[in-house]
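K.L.:
Only the shape, not the letters, is given here:
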């Protein structure tokens with residue numbers, strides 16, 4: 001099975017290879033919950049608050065920064081690999097939220113990655129029932145990663 005995760009750092013911040021490897025592992029662990037015949041492809045971009053605010057306004061009509069955005073594609077490439085979409089992470093928001101929630105940047109970035117993958121797979125949190133289902137799956141995946149809430 002093909003598992004392709006592409007990443008780009010447009011944030012201006014230094015993002016070490018260990019954090020990128022953890023995010024890739026988080027994405028792979030989340031996607032183990034789903035079946036793919038030939039494999040999958042996901043793109044991850046790290047951006048600053050200014051860029052994520054522009055994207056949030058452009059695509060969601062919300063003119064403020066956010067922590068993560070998901071852009072599902074649900075297409076197949078010429079090999080039959082599922083192109084799931086794009087994940088955009090604000091590294092500034094991840095750093096701030098890690099402090100706010102009293103855990104590591106690694107745990108926060110992994111959580112944002114898992115959360116965003118679930119959005120790529122069609123999960124949402126618009127109503128309480130959907131929110132509970134999504135949160136439950138997030139917790140299961142974070143537990144598999146050994147990054148449960150502390």
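P.N.:
Right, received. Where do you want to start? Please read all numbers here as calculations on a predicted model, not as lab measurements.

K.L.:
Just to be sure, residue 12 is in a strand?
P.N.:
No. Applying DSSP: H, G, I helix; E, B strand; the rest coil, one finds residue 12 to be coil, outside a strand.

K.L.:
Excluding chain neighbours, what is closest to it?
P.N.:
residue 48 (5.8 Å; Cβ to Cβ, 6 or more residues apart in numbering). The C-beta positions use only the backbone N, C-alpha and C, and glycine is treated the same way.

K.L.:
residues contacting the one you found?
P.N.:
10-13, 90-92 (Cβ atoms under 8 Å, 6 or more residues apart in numbering).

K.L.:
Can I get the buried part of the residues you listed as one ChimeraX selection?
P.N.:
To isolate the buried ones among the contacts of residue 48 in ChimeraX, judged by 16 or more other Cβ atoms under 10 Å, type:
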select :11,90,91,92
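
K.L.:
Put together TSV for the contacts of residue 48, with distance to residue 72 and pLDDT on each row.
P.N.:
Converted to TSV, the contacts of residue 48 look like this (distance: Cβ to Cβ, whole Å; pLDDT from 0 to 100):
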residue	distance to residue 72	pLDDT
10	20	96
11	22	95
12	27	93
13	26	93
90	19	98
91	22	96
92	24	95
